[in-house]
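J.: Give me a 3D structure for the following:
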Amino acid sequence: GRRKCSIAIVKLMRGQGLFLINGKDLTEYFQSLEKNYDVYITSFGGGLNGQSEAIKLSLSRSIYNLLDENNKKVLKSLGFLTRNSSVKERR
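T.: Residues are numbered from 1 along each chain as shown. Below you'll find the model as predicted:
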């Protein structure tokens, strides 16, 4: 996922419930996936807000592939799969 200058790469694999963002454990989020998947996130560029938006988009796209059609529609309608392409205007 991308947001402003931030880029996030998410790898979602079957595992024991490991959730890492930039090497740090973050198991209190996404508890329904906690015991079934390992999530590895690498984010770089930009600031914390841009990185978190990029992570949200990338993770949403990964989860989208695991859902049935009804839940896919919900994820789409809530805007989790849409990239915000706005960037800071040049001076």
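J.: Can you mark which positions in the longest helix along the chain are buried?
T.: Assignment by DSSP state H gives helix 48-64 as the longest helix of the chain. Neighbour counts over helix 48-64 (16 or more other Cβ atoms under 10 Å) mark 50-55, 57-63 as buried. Every residue, glycine included, has its C-beta placed from N, CA and C.
J.: Include distance to residue 75 when you put these into CSV, please.
T.: What follows is those, written out as CSV (distance: Cβ to Cβ, whole Å):
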residue, distance to residue 75
50, 21
51, 21
52, 18
53, 16
54, 17
55, 15
57, 11
58, 13
59, 11
60, 6
61, 9
62, 11
63, 7
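J.: out of those residues, who's nearest residue 36?
T.: Closest approach between the buried residues of helix 48-64 and residue 36, by Cβ to Cβ: residue 63, at 11.5 Å.
J.: how near is that closest one to residue 46?
T.: In this view, residue 63 and residue 46 are 22 Å apart by Cβ to Cβ, to the nearest Å.
J.: picking that back up, want to throw the buried residues of helix 48-64 into TSV with pLDDT and distance to residue 11?
T.: Shown next, in TSV, are the buried residues of helix 48-64 (pLDDT from 0 to 100; distance: Cβ to Cβ, whole Å):
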residue	pLDDT	distance to residue 11
50	85	20
51	86	16
52	84	18
53	84	19
54	86	15
55	86	12
57	87	15
58	87	10
59	86	11
60	84	15
61	86	12
62	86	8
63	81	13
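J.: which one is the spatially most central residue of the chain nearest to, not counting chain neighbours?
T.: Most central in the chain under Cα atoms, centre = their mean is residue 59, positioned 2.5 Å from the mean C-alpha point. Distances taken as Cβ to Cβ, 6 or more residues apart in numbering place residue 10 nearest to residue 59, at 5.2 Å, with adjacent residues excluded.
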